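Colleague: 3D, please:
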Amino acid sequence: MKINLQFWQSGPFAAALAAVLEAAYDRIVSSLANVGLAADPERCSMELLELLAWQRGIDRFAGEDDALFRRRVKYAWLNSRDAGSASGFARIWERLCLGNVAQAERPDNAANRDVILIQVDYAVFSRYTGLWDELIRLYGRTCRRYVLQLPEEAAEMQMACGASGAEYSYLKAVY
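Modeller: From the prediction side, this is the model:
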C-alpha cells in the first residue's frame, strides 16, 4: 500500500515514517493472508488439522489415512447440515469419496419400522474399519437402526460375523 502524504507533511522524516508504515502494513496483510491459507484443511499442517478437527467435532479413527481425515474435517459443517435425510446421507458419501451408497428405509414394511438398510461399495469402504461407526454416530438419524448390507459379489466371500451394539446419546448446543 502506498501512503500519500499531504503537501504540508513533506520532508525527509515524514517520508521515512511513511516508508516504515507501508512496510509494516504490507507485512501485516501478508501475515493475515497466510493465516487464512493455513486454516484450509486441505493444505494446513497436521497439528493445525488436529485442532480444526477438535473444533469441528471430528475424531480420527484408527487406520484413517490423511486424505480422508482432511475431507472429513473440511466438510464437517456441510455433513452435519445434511445429516438426517436420505439425500443428505448420499451427499455425505459423495463428499467423502466413499463410492456408491444405496439406502432402503423400512425394507420389510410392517415390522421394524426403524430399520434403514444401507448398501455400500465394498471395494472402497473395506479399507476403513472404524468409518462406519463414526459416520453413523455423527450423521445417522435419531432412533434408527442401520443395517449394513454388502453387494452380491462381496457377499460370496467367507466372513466371520459377530454381534455389536451400542447406545449413543448426544446433546447439541445451538447458539
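Colleague: quick check: which element contains the residue nearest the centre of the chain?
Modeller: In the chain, the residue lying closest to the centroid (C-alpha atoms, centre = their mean) is R72, at 2.6 Å. Element membership for R72, per DSSP states H and E: helix 66-74.
Colleague: now swap in F61 and tell me
Modeller: Using DSSP H and E, no helix or strand contains F61.
Colleague: show me how this protein divides into domains.
Modeller: Under the assignment automatic domain parsing, the domains of the chain span 11-38, 46-153.
Colleague: list the buried residues of the first one.
Modeller: The neighbour-count criterion (16 or more other C-beta atoms under 10 Å) identifies no buried residues in domain 11-38. To be clear about C-beta, it is placed using only N, CA and C from the backbone, and glycine gets the same treatment.
Colleague: could you do stretch 35-50 as well?
Modeller: Those would be 41, 44, 49, for stretch 35-50 by 16+ other C-beta under 10 Å.
Colleague: again, but for stretch 55-65
Modeller: Residues 56, 58, 60-61, 64 are the ones in stretch 55-65 that count as buried (16+ other C-beta under 10 Å).
Colleague: closest to F89 out of those residues?
Modeller: I58 (17.1 Å; C-beta to C-beta).
Colleague: quick check: the closest one is in a strand.
Modeller: No: under DSSP: H, G, I helix; E, B strand; the rest coil, I58 sits outside any strand and is assigned coil.
Colleague: touching, it and Y75? I think so.
Modeller: No: applying C-beta atoms under 8 Å as the test, I58 and Y75 come out as separate, 9.7 Å apart.
Colleague: show me the strands in this structure, by range?
Modeller: 101-105, 115-120, 145-149 (DSSP state E).
Colleague: each with direction, which strands does the first one pair with?
Modeller: It stands for strand 101-105. strand 115-120 (antiparallel) (DSSP bridges).
Colleague: chain center to the partner strand, what's the gap?
Modeller: 22 Å (C-alpha atoms, centre = their mean, to the nearest Å).
Colleague: give the buried residues for that strand.
Modeller: 116-120.
Colleague: tell me what angle that strand forms with strand 145-149.
Modeller: Strand 115-120 runs at 30 degrees relative to strand 145-149, counting by axes from the mean of the first three to the mean of the last three C-alpha atoms, to 10 degrees.
Colleague: contacts for strand 115-120, please.
Modeller: Contact with strand 115-120 is made by 93, 98-108, 141, 144-151, as judged by C-beta atoms under 8 Å, 6 or more residues apart in numbering.
Colleague: OK, contacts around R56?
Modeller: By C-beta under 8 Å, 6+ apart, the contact set of R56 is 73, 76-77.
Colleague: so which of these wins on neighbours?
Modeller: Neighbour counts for these (other C-beta atoms under 10 Å) peak at V73, which has 23 neighbours.
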